[in-house]
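> this is a predicted model, with the sequence first.
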Amino acid sequence: MAEEESKEEKVIGRIEQGFFSYRNVEEAEQAVTEAERISRLEKQLDYNKPTLVMALYRKALEDGVFHTAEGYAYLLSLRQYLEEHKEQLGEAELPGLPVEKLLGGAEAEAKRRQLEEMLKNAEQKLRRVKQKLSSLRIVLLFLLAALIAMLVIAGMSDSPNILNYERVLQDRYASWEEELKEREEAVREEELQLKREQ
(Lines give C-alpha, C1' and ligand atoms only; values in the text may rest on other atoms or scores of the structure.)
Protein backbone atom coordinates (compact mmCIF):
# COMPACT_ATOMS: atom_id res chain seq x y z
CA MET A 1 0.00 0.00 0.00
CA ALA A 2 2.83 2.39 0.92
CA GLU A 3 4.56 1.53 -2.37
CA GLU A 4 1.39 2.44 -4.31
CA GLU A 5 1.13 5.74 -2.46
CA SER A 6 4.77 6.58 -3.23
CA LYS A 7 4.23 5.81 -6.92
CA GLU A 8 1.15 8.05 -6.94
CA GLU A 9 3.13 10.78 -5.18
CA LYS A 10 5.86 10.49 -7.84
CA VAL A 11 3.25 10.61 -10.57
CA ILE A 12 1.56 13.61 -9.05
CA GLY A 13 4.98 15.24 -8.53
CA ARG A 14 5.85 14.76 -12.19
CA ILE A 15 2.48 16.13 -13.29
CA GLU A 16 2.77 19.07 -10.95
CA GLN A 17 6.25 19.83 -12.27
CA GLY A 18 4.65 20.42 -15.65
CA PHE A 19 6.19 17.63 -17.72
CA PHE A 20 3.31 15.66 -19.23
CA SER A 21 -0.26 15.01 -18.30
CA TYR A 22 -1.68 11.50 -18.47
CA ARG A 23 -5.27 10.31 -18.66
CA ASN A 24 -5.10 7.74 -15.88
CA VAL A 25 -2.90 6.48 -13.09
CA GLU A 26 -1.69 3.43 -15.07
CA GLU A 27 -0.29 5.61 -17.86
CA ALA A 28 1.28 7.96 -15.36
CA GLU A 29 2.87 5.02 -13.49
CA GLN A 30 4.23 3.72 -16.79
CA ALA A 31 5.71 7.19 -17.43
CA VAL A 32 7.41 7.09 -14.01
CA THR A 33 8.81 3.64 -14.80
CA GLU A 34 10.12 4.87 -18.15
CA ALA A 35 11.62 7.97 -16.51
CA GLU A 36 13.48 5.70 -14.07
CA ARG A 37 14.69 3.53 -16.98
CA ILE A 38 15.89 6.68 -18.80
CA SER A 39 17.74 7.79 -15.67
CA ARG A 40 19.56 4.43 -15.47
CA LEU A 41 20.43 4.57 -19.19
CA GLU A 42 21.73 8.11 -18.88
CA LYS A 43 24.11 7.05 -16.10
CA GLN A 44 25.56 4.28 -18.27
CA LEU A 45 25.56 6.01 -21.67
CA ASP A 46 28.73 7.58 -22.99
CA TYR A 47 27.81 10.49 -25.29
CA ASN A 48 31.38 10.61 -26.57
CA LYS A 49 30.65 7.45 -28.57
CA PRO A 50 27.86 8.17 -31.12
CA THR A 51 27.88 4.54 -32.32
CA LEU A 52 26.79 3.39 -28.83
CA VAL A 53 24.06 6.03 -28.80
CA MET A 54 22.99 4.80 -32.26
CA ALA A 55 22.90 1.18 -31.02
CA LEU A 56 20.79 2.21 -28.01
CA TYR A 57 18.44 4.25 -30.19
CA ARG A 58 17.91 1.38 -32.68
CA LYS A 59 17.48 -1.22 -29.91
CA ALA A 60 14.92 0.95 -28.10
CA LEU A 61 12.92 1.34 -31.35
CA GLU A 62 13.11 -2.36 -32.27
CA ASP A 63 12.10 -3.58 -28.81
CA GLY A 64 9.42 -0.93 -28.35
CA VAL A 65 10.79 -0.05 -24.93
CA PHE A 66 9.11 3.34 -24.66
CA HIS A 67 5.38 3.96 -24.89
CA THR A 68 4.76 7.23 -23.08
CA ALA A 69 5.56 10.82 -23.88
CA GLU A 70 8.46 10.64 -21.42
CA GLY A 71 10.04 7.83 -23.41
CA TYR A 72 9.39 9.46 -26.74
CA ALA A 73 10.89 12.71 -25.54
CA TYR A 74 14.04 10.76 -24.62
CA LEU A 75 14.10 9.01 -28.01
CA LEU A 76 13.71 12.38 -29.69
CA SER A 77 16.67 13.78 -27.73
CA LEU A 78 18.74 10.74 -28.81
CA ARG A 79 17.64 11.31 -32.40
CA GLN A 80 18.68 14.97 -32.24
CA TYR A 81 22.05 14.00 -30.81
CA LEU A 82 22.53 11.48 -33.64
CA GLU A 83 21.57 14.10 -36.24
CA GLU A 84 24.19 16.45 -34.80
CA HIS A 85 26.85 13.71 -34.95
CA LYS A 86 25.85 12.25 -38.29
CA GLU A 87 29.30 12.75 -39.84
CA GLN A 88 30.87 10.53 -37.16
CA LEU A 89 28.30 7.77 -37.89
CA GLY A 90 29.04 7.62 -41.58
CA GLU A 91 26.20 6.86 -43.94
CA ALA A 92 24.08 4.98 -41.42
CA GLU A 93 20.45 5.84 -41.88
CA LEU A 94 18.56 6.91 -38.79
CA PRO A 95 15.22 5.15 -38.34
CA GLY A 96 12.35 7.50 -37.61
CA LEU A 97 10.18 7.52 -34.53
CA PRO A 98 6.93 5.54 -34.93
CA VAL A 99 4.42 8.35 -34.56
CA GLU A 100 1.35 6.10 -34.38
CA LYS A 101 2.42 4.87 -30.95
CA LEU A 102 3.04 8.39 -29.74
CA LEU A 103 -0.40 9.44 -30.91
CA GLY A 104 -2.04 6.43 -29.28
CA GLY A 105 -2.04 4.38 -32.49
CA ALA A 106 -2.60 1.03 -30.80
CA GLU A 107 -5.34 2.45 -28.63
CA ALA A 108 -6.88 4.32 -31.56
CA GLU A 109 -6.71 1.17 -33.68
CA ALA A 110 -8.42 -0.83 -30.93
CA LYS A 111 -11.14 1.80 -30.64
CA ARG A 112 -11.54 1.87 -34.42
CA ARG A 113 -11.91 -1.91 -34.49
CA GLN A 114 -14.37 -1.75 -31.62
CA LEU A 115 -16.40 0.90 -33.45
CA GLU A 116 -16.32 -1.16 -36.65
CA GLU A 117 -17.54 -4.21 -34.71
CA MET A 118 -20.32 -2.16 -33.11
CA LEU A 119 -21.29 -0.84 -36.55
CA LYS A 120 -21.40 -4.37 -38.00
CA ASN A 121 -23.55 -5.52 -35.07
CA ALA A 122 -25.88 -2.55 -35.52
CA GLU A 123 -26.19 -3.27 -39.26
CA GLN A 124 -27.01 -6.91 -38.55
CA LYS A 125 -29.62 -5.91 -35.99
CA LEU A 126 -31.09 -3.43 -38.46
CA ARG A 127 -31.33 -6.15 -41.13
CA ARG A 128 -33.06 -8.48 -38.65
CA VAL A 129 -35.49 -5.74 -37.64
CA LYS A 130 -36.24 -4.99 -41.31
CA GLN A 131 -36.90 -8.69 -41.95
CA LYS A 132 -39.22 -8.89 -38.95
CA LEU A 133 -40.93 -5.69 -40.05
CA SER A 134 -41.55 -7.04 -43.55
CA SER A 135 -42.93 -10.26 -42.03
CA LEU A 136 -45.20 -8.23 -39.77
CA ARG A 137 -46.41 -6.19 -42.76
CA ILE A 138 -47.34 -9.37 -44.60
CA VAL A 139 -49.22 -10.66 -41.55
CA LEU A 140 -50.97 -7.30 -41.10
CA LEU A 141 -52.02 -7.24 -44.77
CA PHE A 142 -53.37 -10.78 -44.46
CA LEU A 143 -55.32 -9.86 -41.30
CA LEU A 144 -56.67 -6.71 -42.94
CA ALA A 145 -57.82 -8.71 -45.97
CA ALA A 146 -59.48 -11.27 -43.66
CA LEU A 147 -61.23 -8.47 -41.74
CA ILE A 148 -62.53 -6.88 -44.94
CA ALA A 149 -63.75 -10.26 -46.16
CA MET A 150 -65.52 -10.89 -42.84
CA LEU A 151 -67.19 -7.47 -43.00
CA VAL A 152 -68.36 -8.08 -46.58
CA ILE A 153 -69.73 -11.50 -45.66
CA ALA A 154 -71.40 -10.12 -42.54
CA GLY A 155 -72.95 -7.27 -44.54
CA MET A 156 -74.44 -9.67 -47.10
CA SER A 157 -75.72 -12.13 -44.49
CA ASP A 158 -79.41 -12.26 -43.49
CA SER A 159 -78.71 -13.23 -39.91
CA PRO A 160 -78.47 -10.30 -37.54
CA ASN A 161 -75.02 -9.04 -36.72
CA ILE A 162 -73.47 -5.80 -35.58
CA LEU A 163 -73.53 -4.36 -39.10
CA ASN A 164 -77.10 -5.14 -40.14
CA TYR A 165 -79.05 -5.91 -36.95
CA GLU A 166 -81.35 -2.89 -37.28
CA ARG A 167 -82.35 -3.68 -40.87
CA VAL A 168 -82.78 -7.39 -40.11
CA LEU A 169 -84.94 -6.65 -37.05
CA GLN A 170 -87.05 -4.14 -38.98
CA ASP A 171 -87.49 -6.67 -41.81
CA ARG A 172 -88.39 -9.39 -39.31
CA TYR A 173 -90.95 -7.17 -37.53
CA ALA A 174 -92.36 -6.10 -40.88
CA SER A 175 -92.74 -9.71 -41.98
CA TRP A 176 -94.37 -10.61 -38.64
CA GLU A 177 -96.72 -7.68 -39.02
CA GLU A 178 -97.68 -8.86 -42.49
CA GLU A 179 -98.23 -12.40 -41.26
CA LEU A 180 -100.32 -11.11 -38.39
CA LYS A 181 -102.45 -9.02 -40.75
CA GLU A 182 -102.90 -11.97 -43.08
CA ARG A 183 -103.98 -14.20 -40.18
CA GLU A 184 -106.32 -11.54 -38.84
CA GLU A 185 -107.91 -11.25 -42.28
CA ALA A 186 -108.19 -15.02 -42.55
CA VAL A 187 -109.82 -15.16 -39.10
CA ARG A 188 -112.26 -12.36 -40.03
CA GLU A 189 -113.18 -14.08 -43.25
CA GLU A 190 -113.87 -17.30 -41.42
CA GLU A 191 -115.95 -15.42 -38.85
CA LEU A 192 -117.89 -13.79 -41.65
CA GLN A 193 -118.48 -17.11 -43.33
CA LEU A 194 -119.61 -18.63 -40.09
CA LYS A 195 -122.00 -15.77 -39.52
CA ARG A 196 -123.39 -16.16 -43.01
CA GLU A 197 -123.91 -19.81 -42.50
CA GLN A 198 -125.86 -19.31 -39.36
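Sure thing, it's come through.

> now the helices for the chain?
Secondary structure of the chain, counting by DSSP state H: helices at 2-16, 25-44, 50-63, 69-84, 86-89, 99-102, 105-156, 165-197.

> hey, least reliable of the ones you listed by pLDDT?
Confidence, taken as mean pLDDT, is least for helix 2-16 of those (a mean of 45).

> quick one, domains of the protein?
Per the record, the chain has its domains at 2-103, 108-156, 158-198, by automatic domain parsing.

> most packed of those?
Of all those, domain 2-103 carries the top mean neighbour count, a mean of 14, counting by mean count of other CB atoms under 10 Å. (Each C-beta comes from the backbone N, C-alpha and C, glycine too.)

> give me phi/psi at the nearest residue to residue 86 once chain neighbours are set aside?
Computed as CB to CB, 6 or more residues apart in numbering, the closest residue to residue 86 that is not its neighbour in sequence is residue 94, at 7.7 Å. Per-residue torsions, residue 94: phi -90, psi 120 (degrees, to the nearest 10).

> so how far is residue 177 from the residue lying closest to residue 83 once chain neighbours are set aside?
Counting by CB to CB, 6+ apart, residue 83 lies nearest to residue 94, which is 7.0 Å off, once chain neighbours are set aside. Relative to residue 177, residue 94 is positioned 116 Å away (CB to CB, to the nearest Å).

> same thing with residue 154?
26 Å.

> can you check residue 22 too?
Applying CB to CB to residue 22 and residue 177 gives a distance of 99 Å.

> ok, the residue nearest to the spatial centre of the chain - contacts?
For the chain, the residue whose C-alpha lies nearest the mean C-alpha position (CA atoms, centre = their mean) is residue 118; its distance is 4.8 Å. By CB atoms under 8 Å, 6 or more residues apart in numbering, no residues touch residue 118.

> tell me how far it lies from residue 133.
22 Å.

> and what of residue 190?
For residue 190, the distance to residue 133 - CB to CB - is 74 Å.

> just residue 164 next, same as before
37 Å.

> same question for residue 177.
56 Å.

> check whether residue 34 really touches residue 70, as I assumed.
Yes: using CB atoms under 8 Å, residue 34 is in contact with residue 70, at 4.9 Å.

> not counting its neighbours along the chain, what's nearest residue 27?
residue 68 (6.5 Å).

> can I assume that neighbour is in contact with residue 26?
No: contact criterion CB under 8 Å: residue 68 and residue 26 do not qualify, at 10.6 Å.

> residue contacts, the closest residue to residue 57 other than its chain neighbours?
Using CB to CB, 6+ apart and skipping residues adjacent in sequence, the residue nearest residue 57 is residue 78, 4.6 Å away. By CB under 8 Å, 6+ apart, the contact set of residue 78 is 53, 56, 57, 60.

> give me that answer again for 7 Å
53, 56, 57 (CB atoms under 7 Å, 6 or more residues apart in numbering).

> ok, now residue 179?
Contacts for residue 179 (CB under 7 Å, 6+ apart) come out as none.
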